[in-house]
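K.L.:
got a predicted model here, sequence first, then my questions.
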Amino acid sequence: MNAIEAKHLVKRFGAVTAVNDVSLTVREGETFGFLGPNGAGKTTTIRLLTGVLSPDAGDVRITGIDIHRHPLDAKMQMGVIPESSTVYGDLSAEQNLHLSGQMYGMPRALREERIDEILSQMGLNEKRRNPVRTFSKGMKQRVSIACAIIHRPRVLFLDEPTSGLDVQSRRLVIDTIRRMNEQGSTIFLTTHNIEEANTLCQTVCIINKGKVVAQDSPERLKKMFDTTQSVEVSFDRTVTRDLFAAEGILRAEPYGDKWRLYTDNPDRVLKYLVGRAERESIGIMSLTTSGPSLEEAFVHLTERA
Amino acid sequence: MMEVPLFLRGIFVVTGKNMRLYYTKPPVLMFGLLFPLFMFFAFFVGRHLDLTTFFPAFLAMMLFFTASSVGPLITPWEKREKTYERLLSYPVTQDSIILGDVAAGAIFGIGISLLVWIASVFFVPVAVTNPGLFVLAFILGTLSCAALGVLLASPASDSPPNVMIFSNLVRFPLIFISGIFVPLQQMQGWGLALAYCSPLTYLVDLFNAAMSGTSAFSPFVDCSVLIAVSAGFILAARVIQKRNMMKGM
Ligand SMILES: Nc1ncnc2c1ncn2[C@@H]1O[C@H](COP(=O)(O)OP(=O)(O)O)[C@@H](O)[C@H]1O
Ligand SMILES: [Mg+2]
């Protein structure tokens, strides 16, 4: 059985179509990365998948349960860490966890056992009785995650869980995602960090402007990103595009007084440029390289789509 | 609904959460507790009014203010503090959240009004001629007022102060047209017509029926109206909040 199955989801806000016919399938036990630039529709998709918003069209099944028809049964299967929504600042970490456990119908003894375990895993034991209001952003996020996993959900949704966190919190969050996955939970993770998706996910899906533009393993997508590395160069005199007709340069674009050269092999391009400039006595004014750019990959992918 | 036990548990947990978080918020204490007490002192004390005659109306006013003061605060507060989305992702629906908010308001209303009633027994010789009806008045009154409170929170807003102002704009006029300061029997024309439109009128009347035994309508009419408006308020809150959700968080 698939952990998540979404078919032809559509969600409009006035004139904006935030999610435009998105279908996806997440197998049980996998870590599924959902990537996209800001405004791509990641958060809206998660809200549709978790039953927080109702779609204009399409349907969602969580472990086979239709979320529209059986929202409570479906929600019992999942844990959700929303992008911007937090836990109760007036309550302590411990009280928040109790509340969350009650929501999932856990008896008190079980709650207490899990709370002790989770609070120490999350490094929150000393501050367990302080109001969450007084916590740093990273600590709040750790409480938020703790609340979403207290019942050991079969499917865990995380919306940009590491963005803006300090190093320690970030590592704790990533370790927790890994551990939950090892213990059998299916993970649905949105991010705009390629590296994160690459190290955590078995499948990566890319969304742009509300549409899925690619879905594949990270290795194969990374190959696609590879062609989006670039070298920027400017010379002391005007040159023509012919200069860049060389192996390794996939595409050359004028960019102000510079040229931007897309490549899957920056080393080769650099050597070529330096050699050629030397031979023709052209002065190089500036030369920079940039790694694979997700933004570029999106442009690339949407152009193709 | 096939998920009744889960649904009821959701209402129960949401109610508990509301009681713990919102009963002590300043706007609730201010408009739910202090305000009706001030009104009491301003209008009844020192005016040589017959306290016994007006006491049922005062109790109705107390119930009205306390029960309807919690509801308007909760949803706007949760939206501002950004806890609302997270709440919705738990095994609850908008319906269980609405009913949990109504329950929290109703329990607040009953609790405080009962305290006021018990305390007043020492000062005012208030009789209760029909205890069964008195209990019913408490329950239906607190339910309808709490439902009104939740309806008042439905306009899409994440600003508790704005919603509190809006809800007071609705609540204050009601106490002047509902036969609290001027008994229904002495009203006529426009005033009476307005009074008929106010649900609070029927609550005041029901308390009069239960305590002094004299009322303008039959208690059956009062109870029916209160049940109908409770259902109406809850359904309206549901429709508005669902529509807001379709527009986004
Ligand atoms: N409640 C809303 N009302 C109107 N527009 C919205 C709302 N939520 C999201 N949008 C729009 O939908 C698009 C997708 O947003 P979102 O899902 O938040 O993207 P992401 O999470 O990928 O950054 C954006 O254009 C955004 O402006
Ligand atoms: Mg987002």
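P.N.:
Cool, got the structure. Residues are numbered from 1 along each chain as shown, chains lettered A, B, ... in the order given. Ligands and ions are numbered 1, 2, ... in the order given.

K.L.:
what's the neighbour count on residue 11?
P.N.:
Going with chain A. Other residues lying near residue A:11 total 24 when counted by other CB atoms under 10 Å in any protein chain shown. For glycine as for every other residue, the C-beta is placed from the backbone atoms N, C-alpha and C.

K.L.:
hmm, I had chain B in mind actually
P.N.:
20.

K.L.:
list the residues that contact it.
P.N.:
B:96, B:99, B:100, B:103 (CB atoms under 8 Å, 6 or more residues apart in numbering or on different chains).

K.L.:
distance between the ends of stretch A:230-241?
P.N.:
Stretch A:230-241 has an end-to-end distance of 16 Å (criterion: CA to CA, to the nearest Å).

K.L.:
sorry, that was for stretch A:131-138
P.N.:
First-to-last residue span, stretch A:131-138, CA to CA: 15 Å.

K.L.:
and the contacts of it?
P.N.:
With CB under 8 Å, 6+ apart, stretch A:131-138 has contacts from A:86-93, A:96, A:127, A:139-140, A:143, A:164-166, A:168-170.

K.L.:
any weak-confidence spans in chain A?
P.N.:
A:293-305 (pLDDT under 70).

K.L.:
how about the residues of it near ligand 2?
P.N.:
Selection of chain A residues close to ligand 2 by CB under 5 Å from the ion yields A:42, A:43, A:83.

K.L.:
switch these over to JSON lines; also include secondary structure.
P.N.:
Formatted as JSON lines, the residues of chain A next to ligand 2 follow (DSSP: H, G, I helix; E, B strand; the rest coil):
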{"residue": "A:42", "secondary structure": "helix"}
{"residue": "A:43", "secondary structure": "helix"}
{"residue": "A:83", "secondary structure": "coil"}
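
K.L.:
now residue A:225: closest residue in space, sequence neighbours ignored.
P.N.:
residue A:292 (3.7 Å; CB to CB, 6 or more residues apart in numbering or on different chains).

K.L.:
ok, now which ones touch the one you found?
P.N.:
A:194, A:222, A:225, A:226, A:228, A:229.

K.L.:
show me which of the residues you listed is closest to chain B.
P.N.:
Chain B lies nearest to residue A:194 out of the contacts of residue A:292, by CB to the nearest CB, at 26.7 Å.

K.L.:
give me the buried subset of the contacts of residue B:11.
P.N.:
B:96, B:99, B:100, B:103 (16 or more other CB atoms under 10 Å in any protein chain shown).

K.L.:
close enough to count as contact, residue A:127 and residue A:93?
P.N.:
Yes: using CB atoms under 8 Å, residue A:127 is in contact with residue A:93, at 6.5 Å.

K.L.:
more neighbours: these two, which one.
P.N.:
Taking neighbours as other CB under 10 Å, residue A:127 and residue A:93 compare with residue A:93 leading, 27 against 17.

K.L.:
hmm, back to that, could you dump the residues of chain A next to ligand 2 into JSON lines and include distance to residue A:29 and neighbour count?
P.N.:
Listed next are those as JSON lines, based on distance: CB to CB, whole Å; neighbours: other CB atoms under 10 Å in any protein chain shown:
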{"residue": "A:42", "distance to residue A:29": "22", "neighbour count": "24"}
{"residue": "A:43", "distance to residue A:29": "25", "neighbour count": "24"}
{"residue": "A:83", "distance to residue A:29": "24", "neighbour count": "16"}
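
K.L.:
the strands in the chain, which residues?
P.N.:
In the absence of a named chain, this looks at chain A. A:2-13, A:16-27, A:31-35, A:57-62, A:65-66, A:78-81, A:155-159, A:186-191, A:203-208, A:211-216, A:229-235, A:249-255, A:258-263, A:284-290 (DSSP state E).

K.L.:
what about the closest residue to ligand 2 within the stretch 201-305 of chain A, distance to chain B?
P.N.:
Across the stretch 201-305 of chain A, no residue is closer to ligand 2 than residue A:207, which sits at 10.6 Å (CB to the ion). From residue A:207 across to chain B, the span is 18 Å (CB to the nearest CB, to the nearest Å).

K.L.:
check contacts around the residue in chain A that ligand 2 sits nearest to.
P.N.:
Of all residues in chain A, residue A:43 sits closest to ligand 2, at 3.2 Å by CB to the ion. For residue A:43, the contact set (CB under 8 Å, 6+ apart) comprises A:83, A:159, A:190.

K.L.:
mind listing the helices for chain B?
P.N.:
B:4-22, B:26-28, B:35-43, B:51-80, B:84-89, B:94-120, B:131-152, B:160-176, B:189-197, B:199-211, B:219-247 (DSSP state H).

K.L.:
no wait, the stretch 101-250 of chain A
P.N.:
A:108-121, A:137-149, A:167-182, A:194-200, A:218-226 (DSSP state H, counting those that start in this stretch).

K.L.:
and of these, who's closest to residue B:90?
P.N.:
helix A:137-149 (9.2 Å; CB to CB).

K.L.:
and the angle from that closest one to helix A:167-182?
P.N.:
10 degrees (axes from the mean of the first three to the mean of the last three CA atoms, to 10 degrees).

K.L.:
go through helix A:137-149 and flag the buried ones.
P.N.:
In helix A:137-149, counting by 16+ other CB under 10 Å, buried: A:138, A:139, A:140, A:141, A:142, A:143, A:144, A:145, A:146, A:147, A:148, A:149.

K.L.:
now swap in stretch A:74-86 and tell me
P.N.:
A:74, A:75, A:76, A:77, A:78, A:79, A:80, A:81, A:82, A:83, A:85, A:86.

K.L.:
what's the closest non-adjacent residue to residue 178?
P.N.:
Since no chain was named, I'll use chain A. residue A:200 (7.1 Å).

K.L.:
my question was about chain B
P.N.:
residue B:200 (3.7 Å).

K.L.:
contacts only, for the one you found.
P.N.:
B:60, B:61, B:64, B:145, B:174, B:175, B:178, B:180.

K.L.:
residue A:290 bridge partners, please.
P.N.:
For residue A:290, the beta-bridge partners under DSSP bridges are residue A:230.

K.L.:
what does chain B put close to chain A?
P.N.:
Chain B has residues B:2-3, B:6-7, B:9-10, B:13, B:16-17, B:20-21, B:81-86, B:88-93, B:245-249 near chain A, with proximity defined as CB under 8 Å from any CB of the partner chain.

K.L.:
how much space is there between whichever residue of chain B sits closest to ligand 1 and residue A:53?
P.N.:
Using CB to the nearest ligand atom, the closest approach of chain B to ligand 1 is made by residue B:248 at 2.1 Å. Residue B:248 is 7 Å from residue A:53, where distance means CB to CB, to the nearest Å.

K.L.:
my read: residue B:78 touches residue B:100, true?
P.N.:
No: counting by CB under 8 Å, residue B:78 does not reach residue B:100; the two are 11.5 Å apart.

K.L.:
and which of the contacts of residue B:11 is nearest to residue B:233?
P.N.:
Distances from residue B:233 to these, taken by CB to CB, are shortest for residue B:99, at 11.9 Å.
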